[in-house]
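A.B. asks: Structural data only, the sequence is not supplied:
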């Protein structure tokens, strides 16, 4: 299968855009200057490692978003290779994008061009540190890994039983077989981060050996405690 392109952002629907944006800024994320490709109701934040795209309109579920120039031709090649293309919005008079799904149903978005300046972000890390990887819960780590590997990702056995790590430039994903599907962003905070969260009125709840924050729009942020 042809590659998916360059990873751009983790896109999430944010019904109350202002509340979600405020939450991330409180954590120390930086707002990204977006361009005018997307309609109003879109902003993005970054920790210097990953960009989280907050979509007030036009997105119904979380997605991994990639940029692939010449998308019309590329979407045709993906379809010819057997990819499950869910939708295509292609034409000279619109912003080209396409959606496809992994075998587990995770939505992947492909865009013709980035929605913000894709330069290196030289910013201080948030209170919770920088994102180290995404955890993608799926029915079968092996099957999902095969999907990504055919798209150019490198797969290796994970640290836990039945987990697989896949990686591409700018993106590291742990595939974990679980009944509950979804994406979790993992961070490694340092210093007195719990006290810093309390000062901001944010509480992290214990989750086994780690802690968990849930953003207003539902994004799960897992904090690996040293």
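C.D. replies: Nice, thanks for sending it over. Treat the numbers as computed from the prediction; the structure is a model and nothing was measured.

A.B. asks: Check the burial of residue 195 by counting its neighbours.
C.D. replies: Neighbours of residue 195 under the rule other C-beta atoms under 10 Å: 10. Every residue, glycine included, has its C-beta placed from N, CA and C.

A.B. asks: Which of the helices or strands spans it?
C.D. replies: Using DSSP states H and E, residue 195 sits within helix 193-199.

A.B. asks: where does residue 163 land on pLDDT?
C.D. replies: Per-residue confidence at residue 163 stands at 87 (pLDDT).

A.B. asks: go on, residue 140?
C.D. replies: At residue 140, pLDDT is 83.

A.B. asks: quick one: buried residues of the helix holding residue 195?
C.D. replies: For helix 193-199, the neighbour count (16 or more other C-beta atoms under 10 Å) marks 193-194, 196-197 as buried.

A.B. asks: Next, format those residues as TSV and append distance to residue 167 and pLDDT.
C.D. replies: Below are these laid out as TSV (distance: C-beta to C-beta, whole Å; pLDDT from 0 to 100):
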residue	distance to residue 167	pLDDT
193	26	94
194	30	93
196	30	94
197	29	95
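
A.B. asks: farthest pair in those?
C.D. replies: The most widely separated members of the buried residues of helix 193-199 are 194 and 196, with 7.2 Å between them, by C-beta to C-beta.

A.B. asks: tell me the average confidence for stretch 101-111?
C.D. replies: The average pLDDT within stretch 101-111 is 90.
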